[in-house]
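[1] this is the structure alone, sequence omitted:
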Ligand code: FES
């Protein structure tokens, strides 16, 4: 083997292989087309194998040579495990001691169920304590020298494979499955049926664990007065400022994120927001389609201002993108697209139903109000959904 010479620093690579054993590595800056990255061309040899760089030199940790540091790390690990034990005890006590109907107000979050919060936080601390303790233990006290385990061949020898095959066939012969098919089929039936109780439990628990009506109700629902007359309309307020919106504020092409005014009285703010979120847009009335869908959308709005649920009917993401030119609402999760000019019918994507429209008008002061709740459940489908469609 001979190389044609070592190229000068910064010069082109002029390495010619002289035989199959040439192992000269390509240099940094060599390109695949054979040029050296500066426009000069040469022959580049990519070696079949690289030298094993080996492991980096082992760096000793403090606890490896200082017994005091080792004891300190030991105490730190034990403290984390102790914290975990404490949190687990809190979990157990809270499980029995806290009334599951108790709500608390957490600034920035809103009303939350106290039991759920305590159980969640204590369980998190409990797991975190164990995890952090184990990691700290491994990093500071356990040996950290790297060990290489050579792989052996996974495949058995031909001899062993043949023996295993013969044993299986002999087992089949001994069980006489071929000669007594009734045994084969009855065993198959018994094993198949045995799986059913497990399938039933899973399928049976797929039903709605909450009251279905909770999924159908939103804060937009208006309670009738005692005499049966319609209740007080609910003002539309901006999210998150919760300030009411006048019809004159909504210019053509604008879009508002809306909540019901009653949200401020809610004790389950997050759950109620998740169902009541609405998008408000104004179109030129002439832009609505002339068919039945367009007429319905227009008549449920106010002078071209229309309000639709923001919760995607596919799997419930927030439909947050409004294309002003096309009047399309787009869900960013799986790109379902809804046409506002045709009552938010689905024109693309996996959603199967239009976004429910909220019927609105203005009150005596010119503020936008909802005169009734949604006439169908918002968001994704659930098994009893059709029972709540008006
Ligand atoms: S959740 Fe909107 S498209 Fe899937």
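    Nice, I can see it. Everything quoted here is computed from the prediction, not taken from an experiment.
[2] okay, CA-based contacts and neighbour counts for the rest of this
    Fine.
[3] of all residues in the stretch 151-300 of the chain, which one is closest to the ligand?
    residue 274 (13.3 Å; Cα to the nearest ligand atom).
[4] without its sequence neighbours, what residue ends up closest to that residue?
    residue 311 (7.7 Å; Cα to Cα, 6 or more residues apart in numbering).
[5] quick one, grab the pLDDT at that neighbour.
    On the pLDDT scale, residue 311 is placed at 96.
[6] the residue sitting nearest the centre point of the chain and residue 314, how far apart?
    Nearest residue to the geometric centre of the chain (Cα atoms, centre = their mean): residue 333, 10.1 Å. Distance from residue 333 to residue 314, counting by Cα to Cα, to the nearest Å: 9 Å.
[7] residue 304 too?
    The value you get for residue 304 to residue 314, if Cα to Cα is used, is 26 Å.
[8] next one: residue 194
    Counting by Cα to Cα, the gap from residue 194 to residue 314 is 36 Å.
[9] what do you get for residue 66?
    On the measure of Cα to Cα, residue 66 and residue 314 end up 60 Å apart.
[10] the more surrounded of these two?
    Each of residue 66 and residue 314 has its neighbours counted (other Cα atoms under 10 Å); residue 314 has more, 20 against 10.
[11] do I have it right that the more buried one meets residue 350?
    Yes. At 6.4 Å, residue 314 and residue 350 qualify as touching, with contact defined as Cα atoms under 8 Å.
[12] now the common contact residues for the two.
    Overlap of the contact sets of residue 314 and residue 350 (by Cα atoms under 8 Å, 6 or more residues apart in numbering) consists of residue 336.
[13] what residues does the stretch 201-350 of the chain have near the ligand?
    Counting by Cα under 6 Å from any ligand atom, the residues of the stretch 201-350 of the chain close to the ligand are 312, 314, 315, 316, 317, 331, 333, 334, 335, 336, 350.
[14] most neighbours of all the residues you listed, which one?
    Greatest neighbour count in these, by other Cα under 10 Å, goes to residue 312: 28 neighbours.
[15] backbone dihedrals for the nearest residue to that one once chain neighbours are set aside, please?
    Closest residue to residue 312 in three dimensions, ignoring its sequence neighbours and counting by Cα to Cα, 6+ apart: residue 379, at 5.4 Å. Backbone geometry at residue 379, expressed as degrees, to the nearest 10, gives phi 80, psi -160.
[16] residue contacts, residue 379?
    Going by Cα under 8 Å, 6+ apart, residue 379 touches 275, 311, 312, 313, 314, 315, 316, 355.
[17] try residue 311
    Each residue near residue 311 by Cα under 8 Å, 6+ apart is listed here: 274, 275, 277, 278, 317, 318, 319, 355, 378, 379.
[18] go with 6 Å
    If you count contacts by Cα atoms under 6 Å, 6 or more residues apart in numbering, residue 311 has them with 317, 318, 379.
[19] residue 49: neighbouring residues, count only.
    By the criterion of other Cα under 10 Å, residue 49 has 8 neighbours.
[20] I'd assumed it was in a strand, is it?
    No. Looking at residue 49 with DSSP: H, G, I helix; E, B strand; the rest coil, it is coil, so not inside a strand.
[21] how near is residue 262 to residue 87?
    Here residue 262 is placed at a distance of 38 Å from residue 87 (Cα to Cα).
[22] ok, residue 188 next?
    Look at residue 188 and residue 87: by Cα to Cα, they are 48 Å apart.
[23] what does residue 215 give?
    Counting by Cα to Cα, the gap from residue 215 to residue 87 is 34 Å.
[24] in terms of neighbours, single out the busier of the two.
    Applying other Cα under 10 Å to residue 215 and residue 87 shows that residue 87 carries more neighbours, namely 23 against 19.
[25] next structured bit after the helix or strand that contains residue 347?
    Here residue 347 sits within strand 345-348, counting by DSSP states H and E. For strand 345-348, the following helix or strand on the C-terminal side (DSSP H and E) is strand 357-358.
[26] pull the residues that contact that following strand.
    Taking Cα under 6 Å, 6+ apart as the rule, strand 357-358 contacts 307, 308, 374.
[27] by neighbour count, which of those residues wins?
    So for the contacts of strand 357-358 (other Cα under 10 Å), the most neighbours sit at residue 307, 28 neighbours.
[28] out of the contacts of strand 357-358, which one sits closest to the ligand?
    Lowest distance from the ligand to these (Cα to the nearest ligand atom) belongs to residue 308, with 14.2 Å.
[29] other SSEs contacting the helix or strand where the closest one lies?
    If you go by DSSP H and E, residue 308 is part of strand 305-309. The contact analysis (3 or more Cα pairs under 6 Å, 6 or more residues apart in numbering; DSSP states H and E) places strand 305-309 against strand 278-282, strand 357-358.
[30] what's the angle between the longest one and strand 305-309?
    Orientation of strand 278-282 against strand 305-309 (axes from the mean of the first three to the mean of the last three Cα atoms, to 10 degrees) gives an angle of 160 degrees.
[31] tell me the helix or strand right after strand 278-282.
    helix 292-299.
[32] now the residue of the stretch 51-200 of the chain found nearest the ligand. Nearest residue, chain neighbours left out?
    Here the stretch 51-200 of the chain gets closest to the ligand at one residue, residue 109, 23.9 Å apart by Cα to the nearest ligand atom. With sequence-adjacent residues excluded and distances taken as Cα to Cα, 6+ apart, residue 109 is closest to residue 270, at 7.7 Å.
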